[in-house]
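# Pasting the sequence and the predicted coordinates here, then a few questions.
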Amino acid sequence: MAKIPVQFRLNNSDRATFAEAADNLLTTLRRGLNEFGPKYGCGQGACGVCTVLIDGEPQLACLTLTVACEGRHVETVSGMADGPNMHPLQNAFMDNFAAQCGFCTPGMLMAARALLDRNPNPTREDVVEAIAGNICRCTGYEPIIAAILAAAGARGEKRA
Amino acid sequence: MLDIRKDFFANERDDNLNVVGKGVQRQDMPGHVTGRSPFFDDHAFEGLLHLKVVRSPHHHARIRSIDVSAAERAPGVKRILRAADVPVNKNTLLSLINFGKDDEPSLAVDKVHYKGEPVVAIIADSEAAAMAARKLVRIDYETLPAVFDVEEALKPGAPVVNDTYPNNYFEYHDKFDHQKLRFGDTEKAFKSADIVLEERYQMSPIEHAPTETNGSIAAPEQDNRFVVHSCAQGLFFSLGTAAKIVGLESNRLHFIGGTVGGGFGGKVDSITEPLAILGAMMTGRPVRYVLDREEEMLYGSPRGAERIYVKDGVMRDGRIVARHVRSYFDAGAYTRLSSYAAVKCTAHIPGPYWIPNAASDIYVAYTNRCPSTAMRGFGITAVDFALEVQMDKLAHAVNMDPMDFRILNAYRDGDMKPHRRVAKNTALIECVQVAAEKARWPISDSAKRQSSLAGGGEGERGQIPATLIDQRGQIGRPETRNAPSTQTLPAGTTRIALTKQPELEGSRDSRAAAPNVPRYEPAQPAVQAPAPLAPATPASPPPQPYAAPPSPPAAAPTPGATPQHGAMRFSSVFGTRRR
Amino acid sequence: MARYKGRGMASINYPIGMNLGGDPSQALIHSNPDGKFTVALSAIDLGQGMKQVTRQVAAETLGVPIEDVYVDTADSDTGPHDMGSFASRGTHRMGNAVIAAAREARGVLLEAAAEELEVNAADLVTDGRGNIHVRGAPSRSITVRATAQAAQFKQGKTIAGRGIFLVPLSAVDAETGEMNPNTAFAHACLVADVEVDDETGEVTLLGITSAYELGRALNPKMVEQQLVGGAWMGQSHALYETPEPYYPNPDHGPRDFNEYLMPGPGDIAPYSVSVLERPAPDGPFGGKGPGEMCANPVLPAVANAVFNAVGVRVDELPITPEKVLRGIRAIGGANPQTRRGG
């Protein structure tokens, strides 16, 4: 089967690869481009560990066709820090001990970033809704909710 | 909200430590939040192949024939593995500690014993190619009757689930169909009790559901070795298991892991490593074998179901005088670790209480379902559910507050436990008191005054009572299950030598060592090694005191046993040798 | 139709480590020439915090700052044998092995410092900030860095340590079950507050109040992680999870995360936990291991709370709305029991 050339931006770098029509973005990122930030958890959009941003919107890489990403900007946890400086969400996750095994963390962070980018002052209910599609089996969610609220607070203070 | 109650047991602690006891940041946290933590699947390999298995669609069936010719010709398929390709195609996990018989193949030979059992493995250029080829494998099955209920499985005439254990139960001590606990005379005590309550409890299976599914990548490495990226919960446990199955010496394998996306017990079984290594050996290329979510959910081995019968005798004043527990672990089709859980459960009876007469009969039954395995709280979680619901019912029956009832029956320092060892370092009473206070749950003044440090071991509480023993449930003789008790062991009888409880230097104030004194004693044991217990069988060497660092793997091969590649034997639990 | 509140409690203990012994762990520690230490283990971090807890134990025993110690748990070529991360054995068994290794390395460190300072090693202490000095005379000191350099380039000493911790094997008596489960025990008591809807059978967890005794809390933040995450898993086990909802009938099971039920971030309940510390005589700095037992008391406490709310005993897990409704129907309607404080 002929492969299709695909070009998109990945964490602010131009990347090109070949994909089959049915390939999903998760497989392309992990096995084609060696971008291991997004994880495989279910392959059917039910766990959120592969969450990425595409043009700023949270998307599940396992349900996204690679060819549909042509010309778009894909962001993963690997591009979240600004050089050596962590994103406020990353700092908040650390401060709140919001990860144990760390496997859901890349997806959680992307879901949380999408929330704060569109709603800098979320309520607890907003946070719960934003991560409702992301499964964590270790933390009981509370530290993650606390971390996201804390990051929102920190960003708020910064602006003020 | 979490608070630390430093006021309890303060005189047993020295809190003047430098970094222990401080909530400092985790070493692995920066990796977690940047996506840099290296999980087993986060490794790139040129020419990576993907392995998928063909699974049995039947709960129990004979394999009449297997035809892989169409699958072999499918696009992208590099190699197909069948049972005959597996060098040692029968294993039991606890063979590493010489416990139990090898009973489980990596790929089914002539029968399948559960729905989802792997029969054929396909190695292809991509996961999609392997999955497409899976549909081209033709297997002709003759279905057989299956059994799913633990008590039905133990009845004479039930379908035989596991050919290694043809009576459908794990065999303890080469003698009994269950593990016994006997302490005092429960039958007599039930007769003297004011109230006797017998109840049935059931825990259904539970899936570990780690967000990272089970998997591994094996690749040929320099020096004619194989590197294995593994999610195993025990790196050497998995290495030893894999080495045995693929027939390599342990030092031909280089396992890398240690960063795992959740386990909860579901990554002890090493279900992917042996086939991935075998694939790499046979193709000369890196081979990746990862369960998809449905495989993980259905065939990744769950926490086994347990059925538990609890019978208690209680006096109107709230004292429990007798407890008998009969429990059935559902192992599924193969043993894996269930045999061990039953023994752990036996030591746990009757829960954190002092009861003068206690007994249990714990069975491990085979059924035609996916083999179960360890999960968080293995051997304890289900029985704690049963015992604590039972405690609630008993408190209700004697019209006592449930907290007061717990404290009245709680074990304390110095009390004799039914496995014939004295309780130490107990703190149940204090936990109940603190929880009651926090929850504003009123308890009696008497309950508030109790302490784990006082009253334990007084009078009969510290003694081993005269104990009725029996020969019920002999292997292969179901008619003996109701046999009468045959003998009374005199009070104070012990038969198992004490292993010395390891005690660290300076433990009185709980410090590992007095901090200012150098402890450079290279000729001395680094940790005081307790006198080794004479093992039940001379076939296994006793653990040696620490003299020089042994090169891993740690244990010498069992003298007299046939050397088996990679089969590291750490110890022998019961003298029940593999055969 | 109404919602009924109920409270239930449970108290438990839990054995630490493989209960029959035969349970060894090994550790190796070595120093760079500038006094920075690496701990090499084959232990596994499943998220429970093995890397950090052994790091703290090593730093405490060596007497150096935490930043001067890193733990590697990755590799069977460099990390010596360990049974694995299960049975709540990691902190206890591996912590002790790391103490043994760190103690040996500390011995060489102080010998090397003694040679530089021309004093007796027995008179030296560490300040935990990277210095070694004569007891009672802080001015007579040398840094760990200078000591390590001297050991490497001048004295020819290896600042390294080996450690093993072994709970030896115990047999079990066939007729009485006598055995030596050579372990420490952790303890807990937990109160669950629930609300039961007698129209839908749904059980809502309103709150958890608990007390856990875990030996020394070696890192209280990580203890909190375990206790909170474990309570969530207990809630999930009690009310939601099973791959065989009609066990022993194997049919109608969930196949994936769309069908396998677990509480989401909107279903969690507030918690209030107290930690008690009764150090284990055989534990690393008295530590036990909270990893497994934290889920256990939730299951019976929730079941008992459901009974307290509506008078229905559900003796088969999980406590699904179907079972609760059938139970309420069987007793002819909800039958609330005595309220227990709150």
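Arrived safely, thanks for sending.
# For residue C:109, grab phi and psi.
phi -60, psi -50 (degrees, to the nearest 10).
# Repeat that for residue C:135.
Dihedral pair for residue C:135: phi -50, psi 130, per degrees, to the nearest 10.
# and the closest residue to it other than its chain neighbours, how far is that from chain A?
Among residues not flanking residue C:135 along the chain, residue C:125 sits closest, at 5.0 Å (Cβ to Cβ, 6 or more residues apart in numbering or on different chains). In this view, the C-beta of every residue, glycine as well, is placed from N, C-alpha and C. Look at residue C:125 and chain A: by Cβ to the nearest Cβ, to the nearest Å, they are 32 Å apart.
# Check which helices and strands the one helix or strand residue C:125 maps to sits against.
Assigned by DSSP states H and E, residue C:125 belongs to strand C:124-126. Applying 3 or more Cβ pairs under 8 Å, 6 or more residues apart in numbering or on different chains; DSSP states H and E, one finds that strand C:124-126 contacts helix C:95-117, strand C:131-134.
# most tightly surrounded among the ones you listed?
Most buried of these by mean neighbour count (mean count of other Cβ atoms under 10 Å in any protein chain shown) is helix C:95-117; its value is a mean of 25.
# Poorly predicted segments of chain C, please.
Applying pLDDT under 70 to chain C flags the ranges C:182.
# So it: which segments form each domain?
Chain C breaks down into these domains under automatic domain parsing: C:3-16+C:183-330, C:23-165.
# so which of the ones you listed comes closest to residue B:357?
The closest of the domains of chain C to residue B:357 is domain C:3-16+C:183-330. By Cβ to Cβ, the value is 19.7 Å.
# how long is the closest one end to end?
Distance between the boundary residues of domain C:3-16+C:183-330 (Cα to Cα, to the nearest Å) amounts to 18 Å.
# Longest helix in chain A, by number of residues?
In terms of residue count, the longest helix belonging to chain A (DSSP state H) is helix A:142-159.
# neighbouring contacts of the strand holding residue C:125?
If you take Cβ atoms under 8 Å, 6 or more residues apart in numbering or on different chains as the criterion, strand C:124-126 is touched by B:515-516, B:518, C:62-64, C:106, C:110, C:113-114, C:117, C:132-135, C:144.
# And for stretch C:54-62?
Contact with stretch C:54-62 is made by B:17-20, B:22, B:24, B:27, B:512-513, C:27, C:29, C:37, C:39, C:41, C:43, C:65-66, C:68-71, C:94-95, C:98-99, C:101-103, C:105-106, C:109, C:126, C:128, C:218-219, C:284-285, as judged by Cβ under 8 Å, 6+ apart.
# Recalculate using a threshold of 7 Å.
Here stretch C:54-62 makes contact (Cβ atoms under 7 Å, 6 or more residues apart in numbering or on different chains) with B:17-20, B:24, B:27, B:512, C:29, C:37, C:39, C:41, C:65-66, C:68-71, C:94-95, C:98-99, C:102-103, C:105-106, C:218-219, C:284-285.
# For ChimeraX, what selects the buried ones among those residues?
Buried residues within the contacts of stretch C:54-62, by 16 or more other Cβ atoms under 10 Å in any protein chain shown, are selected in ChimeraX with:
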select /B:17,18,19,20,24,27,512 /C:29,37,39,41,65,66,68,69,71,94,95,98,99,102,103,105,106,218,219,284,285
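# Inside strands: which ones of the contacts of stretch C:54-62?
If you go by DSSP state E, those have C:29, C:37, C:39, C:69, C:70, C:71 in strands.
# residue contacts, the residue nearest to the third one when sequence neighbours are not counted?
If I follow you right, that is residue C:39. Leaving aside its chain neighbours, residue C:39 sits nearest to residue C:71 (4.4 Å; criterion: Cβ to Cβ, 6+ apart). The contact partners of residue C:71, by Cβ under 7 Å, 6+ apart, come to B:27, C:39, C:41, C:51, C:54, C:55.
# Taking those residues together, which two end up most distant?
Farthest pair in the contacts of residue C:71 (Cβ to Cβ) is B:27 and C:41. Separation: 12.2 Å.
# quick revisit: out of the contacts of residue C:71, who's nearest residue B:333?
For the contacts of residue C:71, the nearest to residue B:333 is residue C:41 (34.4 Å; Cβ to Cβ).
# So that closest one sits against residue C:78, correct?
No - counting by Cβ atoms under 7 Å, residue C:78 is not a contact partner of residue C:41; they are 9.0 Å apart.
# quick one on the thing from earlier: centre of the chain to the longest helix of chain A, how far?
Centroid displacement of helix A:142-159 relative to its chain, using Cα atoms, centre = their mean, to the nearest Å, is 17 Å.
# buried ones in it?
Going by neighbour count (16+ other Cβ under 10 Å), the buried part of helix A:142-159 is A:142, A:143, A:144, A:145, A:146, A:147, A:148, A:149, A:150, A:151, A:152, A:155.
# is it possible to export the residues you listed to CSV including pLDDT and distance to residue C:277?
Formatted as CSV, these follow (pLDDT from 0 to 100; distance: Cβ to Cβ, whole Å):
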residue, pLDDT, distance to residue C:277
A:142, 97, 23
A:143, 98, 22
A:144, 98, 27
A:145, 98, 28
A:146, 98, 25
A:147, 98, 27
A:148, 98, 32
A:149, 98, 30
A:150, 97, 28
A:151, 97, 32
A:152, 96, 35
A:155, 68, 38
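# which other residues reach stretch C:153-166?
If you take Cβ under 7 Å, 6+ apart as the criterion, stretch C:153-166 is touched by B:526-527, B:529, B:543, B:546, B:549, C:23-31, C:33, C:93, C:96-105, C:108-109, C:112, C:115, C:148, C:151.
# ok, now stretch B:170-186?
So stretch B:170-186 is in contact with B:100, B:165, B:167, B:169, B:322, B:324, B:331, B:335, B:338-339, B:342-343, B:346, B:349, B:356-364, B:418-419, B:465, B:467-469, B:473-475, B:574, B:576, C:174-177, going by Cβ under 7 Å, 6+ apart.
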